[in-house]
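Engineer: here is the input, now give the coordinates:
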Amino acid sequence: MAGRLRRLGGVAFRQQKWKSSVSTQAKMPPCNFVPEKYESYPYERIQKIREQNIAPSLRTYYKKPLLLHQGHMQWLFDHEGRRYLDLFAGIVTVSVGHCHPKVTMATQKQLARLWHTTNIYMYPAIHEYAEKLTSLFPDPLKVVYFTNSGSEANDLAMFMARLHTRNFDIICLRQCYLMFFVVHGEAAIVEILQCKLFENAAVLKGVNGAVQYPRNFLKEAYQLIRERGGLCISDEVQTGFGRTGSHFWGFQTHGVVPDIVTLAKGIGNGFPMAAVVTTKEIASSLAQNLHFNTFGGNPLACVVGAAVLDAIEEDGLQKNSEDVGTYMLLELAKLRDPFEIVGDVRGKGLMIGVEMVTDKDSRRPLPAEEINQIWEDCKDMGVLIGRGGLYSQTFRIKPPMCITKRDVDFAVEVLHTALQRHVARATAK
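Structural biologist: Numbers count the residues shown, from 1 in each chain. Have a look, this model is predicted:
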């Protein structure tokens, strides 16, 4: 307790030097986009419909949920016309920017031509997109199956793996979306893979507060799995499409080639689409069974996906993810020393986590009510960020890949001010 009080005292001393800036408002970068006038239901009616007609499991963020009306690149606008810097990108889904002009134009053009026909027929869009997408993968990952969501893609990937290996078990990491059998680190995965019970299992990697794998972890895990006849599945739902900066796919940063890759979120910049990419051999196992998807790879989805790939290349968004992401990581890292509650700043490219703790020695998660207030303060100052981690103690910063360094300066200043306000509240108690 004494150590805790001394640390708080040290923070309070620093707070005196910052006192004059705590109440200042960070200046939001300019934006020449003017949103349309909001003309739908009043906020109160929207809220009532939410309470009465939408399933309560669909939770909202913030004490007073935002009523968003329009988006433009890295910006969102609420029903009152207030602008927000979106650092969560619709849960890491808006890859090239809200309503990106190129994607919007391609979508509108296809809407006037053909919305939907099932993939039992041939149409240009699915073939053009399949060729374009698979060209970005190393051999032998050259066969794609289109789906509608990441969850569906992962289900299909597991189905494929089980058909091909004739085994049922899946090994994954804690806090991923699949929880059949969970291990908690490299030592555990080695131990489990040495058990005959889990021979021929598959590994699916997930994301938990922007935690990176230890060096050589995937190489060794892949080797252990394949020695036992298993398949390796890489979930690129969040890490794919250049977001990590250095590579187009997350698995490439580890020098491995998986057997199956799942894609979603950024693949369609918010359009509901996903895909599973695998080898011809594994895909053939699925062909022996009846598995059909009515909407997967429909003309509109494929045109959107192709336009997203074009935008990533033409706008240089993978390079932007590396440059701006590194800049943001370094700027956020500067918050660790002055603030005891900033336990870690980590990430790669535009996938960053800021972990909030009670103190750096214990690394205990900061209480939820304190994290919530910091989170609310950021929103009130015009910055939207996500939450993650086992105890929801990590701020997830994964913006549209078109974000600029000027936006980063604004976001870091906002978070800095929110942290100062937290310190002021803590020392005032």
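Engineer: got any ranges where the stretch 201-350 of the chain has weak pLDDT?
Structural biologist: Across the stretch 201-350 of the chain, the ranges flagged by pLDDT under 70 are 201-209.
Engineer: kindly recompute the last result at 90.
Structural biologist: Across the stretch 201-350 of the chain, the ranges flagged by pLDDT under 90 are 201-221, 224-225, 227-228, 286-293.
Engineer: how near is the residue nearest the centre of the chain to Val408?
Structural biologist: Geometric centre of the chain, nearest residue: Val92, 3.3 Å, by C-alpha atoms, centre = their mean. According to C-beta to C-beta, to the nearest Å, Val92 and Val408 sit 17 Å apart. (Each C-beta comes from the backbone N, C-alpha and C, glycine too.)
Engineer: same question for Ala418.
Structural biologist: Taking C-beta to C-beta, one finds Ala418 at 16 Å from Val408.
Engineer: need the contact list for the residue nearest to the centre of the chain.
Structural biologist: For Val92, the contact set (C-beta atoms under 8 Å, 6 or more residues apart in numbering) comprises Gln238, Arg243, Lys265, Gly266, Met351, Gly386, Arg396, Lys398.
Engineer: phi, psi for it please.
Structural biologist: Backbone torsions for Val92, taken as degrees, to the nearest 10, come to phi 60, psi 40.
Engineer: same thing with Pro367?
Structural biologist: phi -50, psi 150.
Engineer: Thr358 too?
Structural biologist: Thr358 adopts backbone torsions of phi -70, psi -40, taken as degrees, to the nearest 10.
Engineer: what about it, how many residues close to it?
Structural biologist: Neighbours of Thr358 under the rule other C-beta atoms under 10 Å: 18.
Engineer: isn't Ile374 up against Ala418?
Structural biologist: Yes - counting by C-beta atoms under 8 Å, Ile374 touches Ala418, with 4.8 Å between them.
Engineer: re the thing from before, report pLDDT for the residue nearest to the centre of the chain.
Structural biologist: In this model, Val92 is scored at 94, pLDDT.
Engineer: any idea how far it lies from Ala130?
Structural biologist: For Val92, the distance to Ala130 - C-beta to C-beta - is 24 Å.
Engineer: before we move on, what about Leu156?
Structural biologist: Applying C-beta to C-beta to Leu156 and Ala130 gives a distance of 16 Å.
Engineer: how about Phe168?
Structural biologist: On the measure of C-beta to C-beta, Phe168 and Ala130 end up 30 Å apart.
Engineer: okay, those two: which has more neighbours?
Structural biologist: Taking neighbours as other C-beta under 10 Å, Phe168 and Ala130 compare with Ala130 leading, 21 against 12.
Engineer: work out for me the element that one sits within.
Structural biologist: Using DSSP states H and E, Ala130 sits in helix 124-134.
Engineer: gap between that helix and the chain center?
Structural biologist: Relative to its chain's centre, helix 124-134 lies at 25 Å (C-alpha atoms, centre = their mean, to the nearest Å).
Engineer: helices or strands up against it?
Structural biologist: Helix 124-134 sits against strand 143-147, strand 274-278, helix 299-314, with contacts defined as 3 or more C-beta pairs under 8 Å, 6 or more residues apart in numbering; DSSP states H and E.
Engineer: who's in contact with the second one?
Structural biologist: Counting by C-beta under 8 Å, 6+ apart, the neighbours of strand 274-278 from elsewhere in the structure are 133-134, 137, 141-150, 152-153, 156-157, 160, 237, 259-264, 267-268, 297.
Engineer: let me know the closest of the contacts of Val92 to Phe217.
Structural biologist: Sorting those by how near they are to Phe217, with C-beta to C-beta, puts Met351 at the top with 17.1 Å.
Engineer: of the helices and strands packed on helix 124-134, which approaches Thr117 most closely?
Structural biologist: Using C-beta to C-beta, the helices and strands packed on helix 124-134 put helix 299-314 closest to Thr117, at 6.8 Å.
Engineer: buried stuff in the closest one?
Structural biologist: If you call a residue buried by 16 or more other C-beta atoms under 10 Å, then helix 299-314 has these buried ones: 299-309, 311-312.
Engineer: could you do stretch 265-282 as well?
Structural biologist: 265-271, 273-279, 282.
Engineer: any idea which of those residues is closest to Phe248?
Structural biologist: Nearest to Phe248 among the buried residues of stretch 265-282, with distances taken as C-beta to C-beta, is Gly266, at 11.2 Å.
Engineer: drop anything exposed from the contacts of strand 274-278.
Structural biologist: For the contacts of strand 274-278, buried by 16+ other C-beta under 10 Å: 133, 137, 141-148, 150, 152-153, 156-157, 160, 237, 259-264, 267-268, 297.
Engineer: which residues of the stretch 251-400 of the chain fall in strands?
Structural biologist: Using DSSP state E, counting those that start in this stretch, the strands of the stretch 251-400 of the chain run over 260-263, 274-278, 342-348, 351-356, 383-384, 386-388, 394-397.
Engineer: closest one to Pro30 among these?
Structural biologist: With C-beta to C-beta as the yardstick, what comes closest out of these is strand 383-384 (15.8 Å).
Engineer: what sits up against that closest one?
Structural biologist: So strand 383-384 is contacted by Leu66, Leu76, Tyr84, Leu85, Asp86, Leu87, Phe88, Cys378, Phe410, Ala411, Val414, Leu415 (C-beta under 8 Å, 6+ apart).
Engineer: what about the second one, neighbour count?
Structural biologist: This means Leu76. 24.
Engineer: is it bridged to anything, and to what?
Structural biologist: With DSSP bridges as the criterion, the beta-bridge partners of Leu76 are Gly71, Tyr84.
Engineer: mind checking how far it is from Phe33?
Structural biologist: Distance from Leu76 to Phe33, by C-beta to C-beta: 11 Å.
Engineer: try the fourth one
Structural biologist: Here the distance between Leu85 and Phe33 works out to 13 Å (C-beta to C-beta).
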